[in-house]
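Colleague: quick one: sequence and predicted model below, then my questions.
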Amino acid sequence: IFASVELAPRDPILGLNEQFKADTRPTKVNLGVGVYYDDAGRIPLLKAVRQAEARLFEQAEPRNYLPIDGIPGYNNGARALLLGAGSPLIAEHRSLTVQTLGGTGALKVGADFLKQILPNAQVAISNPSWANHQALFAAAGFPVVSYDYYDAATHGLNFDGMLASLRALPAGTIVVLHACCHNPTGVDPTLEQWQDIARTLQAGQLVPFLDIAYQGFGAGIEEDAAVVRLFADLGMTMFISSSFSKSFSLYGERVGALTLVTGGDEESTRVLSQLKRVIRTNYSNPPTHGGALVSTVLNTPELYALWAEELAGMRDRIRAMRHQLVEKIQAQGVSQDFSFVKAQRGMFSYSGLTKDQVERLREEFGIYAVGSGRICVAALNSGNIDYVAEAIARVIKA
Ligand code: LMR
């Protein structure tokens, strides 16, 4: 039965990890996958997480199955981060959240449910977008188209083009939007522009699917939820996929959530019952450990405060790396202007490096970036930034 199975290409992002691991050069640097490393080049285990873990260890709870939709405290905490703790959408039961296997799991549960209720719809993603968006929605059975987003000439947003392509989409199109820290470009619309984007979706009867995997890495935890709240204030029903992989540095625990804003209490009950069927037939119910950690932090004021402080530390360090990278590339005598890197938000920079330059970085210097030129700024540190800046200068100049 396997005789005709074709070899699939490596994943454009996670496939780089495999190559990186096999590289024996001690100076190698992984700027591929979106993972935050501290200044010593380690993935941090946050203090808030360690303290939550100690509490859970003390409690020594048995590991029963979780409810299909996950830990109630986790879901409530995740939803409050998005909509705001005092949101009427929570009090009036006009929203619901299910625990999912990371942000990807949230997208997948959402996509499978959407396929049931809008079987003939298409999905529109930004050009460019996270590579897995296209693959995931296509695998769920949707035709996937793209809307204009990035302007390579300005390294900024092609706002007019974006609105024009959104206006051209047929009613019922599902539009995937990065609610903050756009992946891969690091270019976000302003809040004012978001108002127009939301109104355009509303006028065109388009279905918003907000993906927010980097909350807290832009301007702050509350600030980065502004787009979600803006859509909510307009009374729009929507899908929101969120992730704690990055903000809690819990990548391998697969901690994400799917939140839906509905038309009302009774609708929420019906919708939740269907989401539970999607989950049950995929993986039955989510795992306990990561969800329990996040829930403990979100629902314990002193741990929440500690987490918020640690997240701010990660955000500030990334910002410092952006500034240093620009200065250090300039100091190498590169005339090309890289100052746009400072204005980008989140973990990534769409560096403008070509495919050939990315290849040379990998082959000659052991520096791994995504083929599109996306680099993970969160993997730079005081030990590798000079080497990276020098290598970038070398591939640009020659
Ligand atoms: C990334 O874009 O690098 C991250 O979201 C990790 C992933 O799953 O691709």
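Modeller: Thanks, I have it.
Colleague: so which helix or strand takes in residue 200?
Modeller: helix 191-203 (DSSP states H and E).
Colleague: what's that helix packed up against?
Modeller: Packed against helix 191-203 by the contact rule (3 or more C-beta pairs under 8 Å, 6 or more residues apart in numbering; DSSP states H and E) you find helix 159-167, strand 207-212, helix 226-233. C-beta coordinates here come from the backbone N, C-alpha and C atoms, glycine included.
Colleague: 6 Å - rerun?
Modeller: Counting contacts by 3 or more C-beta pairs under 6 Å, 6 or more residues apart in numbering; DSSP states H and E, helix 191-203 is packed against helix 159-167, helix 226-233.
Colleague: quick check: angle from it to strand 207-212?
Modeller: Between the axes of helix 191-203 and strand 207-212, defined by axes from the mean of the first three to the mean of the last three C-alpha atoms, to 10 degrees, the angle is 150 degrees.
Colleague: and the strands in the stretch 51-200 of the chain, which stretches?
Modeller: Ranges of strands within the stretch 51-200 of the chain are 95-101, 123-127, 144-148, 150-151, 156-157, 174-178, based on DSSP state E, counting those that start in this stretch.
Colleague: any chance of these in TSV, with distance to residue 351, mean pLDDT and mean neighbour count too?
Modeller: As requested, the strands of the stretch 51-200 of the chain are exported to TSV (distance: least, C-beta to C-beta, whole Å; pLDDT from 0 to 100; neighbours: other C-beta atoms under 10 Å):
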stretch	distance to residue 351	mean pLDDT	mean neighbour count
strand 95-101	31	98	26
strand 123-127	17	98	23
strand 144-148	20	98	18
strand 150-151	13	96	19
strand 156-157	14	96	18
strand 174-178	18	98	25
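Colleague: ok, the residue lying closest to residue 350 once chain neighbours are set aside to the ligand distance?
Modeller: Spatially, and ignoring its direct neighbours in sequence, residue 350 is nearest to residue 185 (4.1 Å; C-beta to C-beta, 6 or more residues apart in numbering). Distance, residue 185 to the ligand, by C-beta to the nearest ligand atom, to the nearest Å: 12 Å.
Colleague: who does whichever residue of the stretch 251-398 of the chain sits closest to the ligand form a beta bridge with?
Modeller: For the stretch 251-398 of the chain, the residue closest to the ligand is residue 376, as judged by C-beta to the nearest ligand atom, at 6.9 Å. Beta bridges link residue 376 to residue 348, judged by DSSP bridges.
Colleague: so for residue 394, which of the strands of the stretch 51-200 of the chain sits nearest?
Modeller: Smallest distance to residue 394 across the strands of the stretch 51-200 of the chain (C-beta to C-beta): 26.0 Å, for strand 150-151.
Colleague: residues of this structure that sit close to the ligand?
Modeller: Within the chain, the residues that sit near the ligand (C-beta under 6 Å from any ligand atom) are 13, 14, 33, 34, 130, 132, 183.
Colleague: residue 365: which of those is nearest?
Modeller: Closest to residue 365, out of all of the residues of the chain next to the ligand and judged by C-beta to C-beta, is residue 33, at 17.8 Å.
Colleague: what helix or strand is residue 352 on?
Modeller: Counting by DSSP H and E, residue 352 is part of no helix or strand.
Colleague: quick one on the thing from earlier: got the CA coordinates for the helix holding residue 200 in PDB?
Modeller: What follows is helix 191-203, C-alpha atoms only, in PDB (Å, rounded to 0.1, in the frame of the first residue of the first chain):
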ATOM      1  CA  LEU A 191      -5.700  50.600  15.100                       C
ATOM      2  CA  GLU A 192      -7.300  53.200  12.800                       C
ATOM      3  CA  GLN A 193      -6.600  51.000   9.800                       C
ATOM      4  CA  TRP A 194      -8.100  48.100  11.700                       C
ATOM      5  CA  GLN A 195     -11.300  50.000  12.100                       C
ATOM      6  CA  ASP A 196     -11.600  50.200   8.300                       C
ATOM      7  CA  ILE A 197     -10.600  46.600   7.900                       C
ATOM      8  CA  ALA A 198     -13.300  45.500  10.400                       C
ATOM      9  CA  ARG A 199     -15.900  47.600   8.700                       C
ATOM     10  CA  THR A 200     -14.900  46.300   5.300                       C
ATOM     11  CA  LEU A 201     -15.400  42.700   6.600                       C
ATOM     12  CA  GLN A 202     -18.700  43.700   8.100                       C
ATOM     13  CA  ALA A 203     -20.000  45.400   5.000                       C
END
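Colleague: tell me what angle that helix forms with strand 174-178.
Modeller: Using the same axes, to 10 degrees: helix 191-203 against strand 174-178 is 170 degrees.
Colleague: hmm, back to that, so the residue nearest to residue 350 sits against residue 150, correct?
Modeller: Yes: counting by C-beta atoms under 6 Å, residue 150 is a contact partner of residue 185 at 5.1 Å.
Colleague: and the longest helix for this protein?
Modeller: Of all segments of type helix in the chain, defined using DSSP state H, the longest is helix 301-331.
Colleague: name the helices or strands packed onto it?
Modeller: Against helix 301-331 (3+ C-beta pairs under 6 Å, 6+ apart) you get helix 47-59, helix 340-343, helix 385-397.
Colleague: tell me which of those helices sits most buried.
Modeller: Among those, helix 385-397 has the highest mean neighbour count (mean count of other C-beta atoms under 10 Å), at a mean of 18.
Colleague: in this structure, which residue sits nearest the ligand?
Modeller: residue 34 (3.2 Å).
Colleague: now that residue, nearest residue through space, not along the chain?
Modeller: residue 347 (5.0 Å).
Colleague: ok, the one you found - contacts?
Modeller: 34, 376, 378 (C-beta atoms under 6 Å, 6 or more residues apart in numbering).
Colleague: kindly report the same for residue 116.
Modeller: So residue 116 contacts nothing (C-beta under 6 Å, 6+ apart).
Colleague: can you tell me how far it sits from residue 343?
Modeller: 41 Å (C-beta to C-beta, to the nearest Å).
Colleague: kindly report the same for residue 210.
Modeller: From residue 210 to residue 343 the distance is 22 Å (C-beta to C-beta).
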